[in-house]
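Novice: predicted model and sequence below, questions to follow.
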Amino acid sequence: MALRAKKTGSRPTAAKSAPVPFTEAVMKAVRAIPRGEVRSYSQVALYAGRPGAARGVGHELKLLQGGGGVPWWRVTRAGGVLAPPVAHEQARRLRAEGVEVQQRGEVFRVKAKR
C-alpha cells in the first residue's frame, strides 16, 4: 500500500535561513572595506544589518586577537576620529594605505575626501 502526499493547495515556501551571528556579520562588513578607505562604526553596523549597533561593532573589534585578518584600522569613530587607545597604530596603518590622517595633539582624524 503506497502513501500519497496530501494536497493542500498551498505553495511550498523557501526555508528561512538563520540570521548571521552579529560577530560574523561585523567581521564580513569590515573585511569588505576597500584598502585606502574607512567606515565609521555606525556604517559598519548598518552594513552588518544591525543599524544602531555602533557600540557593538566597537566591542567586537576590541575583542579581536591579533587582528584575525580583519582590517580593524579602517574603522573610525564618527567624523573620522581615531579611537585613542589605538590611534597611533591605526594612523600608521592608514597612512601606509594612502589615507591622509591629521593630528592635533593626541587627536587623530582622517581627512575627508572631497
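Specialist: It's in.

Novice: assign E89 to helix, strand or coil.
Specialist: With DSSP: H, G, I helix; E, B strand; the rest coil as the basis, the three-state label of E89 is helix.

Novice: all numbers from here: first residue = 34
Specialist: With the count now opening at 34, the last piece we talked about shows up as E122.

Novice: the closest residue to it other than its chain neighbours: how many residues sit nearby?
Specialist: Excluding its sequence neighbours, the residue lying closest to E122 (CB to CB, 6 or more residues apart in numbering) is W106, at 7.2 Å. Yep, even glycine has a C-beta here, placed from its N, CA and C like the rest. By the criterion of other CB atoms under 10 Å, W106 has 22 neighbours.

Novice: in contact with W106, which residues?
Specialist: 119, 122-123, 126-127 (CB atoms under 8 Å, 6 or more residues apart in numbering).

Novice: return the members of the residues you listed classed as buried.
Specialist: 123, 126-127 (16 or more other CB atoms under 10 Å).

Novice: in the protein, where is pLDDT below threshold?
Specialist: 34-51, 146-147 (pLDDT under 70).

Novice: can you give me the helices in it?
Specialist: Counting by DSSP state H, the segments of the chain that form helices are 55-64, 74-80, 87-95, 120-129.

Novice: show me what the second one is in contact with.
Specialist: Helix 74-80 has contacts (CB under 8 Å, 6+ apart) with 59, 62-63, 65-66, 72, 84-91, 108-111.

Novice: just the buried ones among those, please.
Specialist: Buried subset of those (neighbour count, 16+ other CB under 10 Å): 59, 62-63, 66, 72, 86-87, 89-91, 108-110.

Novice: distance to K95 added to the buried ones among the contacts of W106, as JSON lines?
Specialist: What follows is the buried ones among the contacts of W106, written out as JSON lines (distance: CB to CB, whole Å):
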{"residue": "Q123", "distance to K95": "13"}
{"residue": "R126", "distance to K95": "16"}
{"residue": "L127", "distance to K95": "18"}
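
Novice: quick one: which of the helices of the chain is nearest G101?
Specialist: helix 55-64 (7.4 Å; CB to CB).

Novice: appreciated, that's everything.
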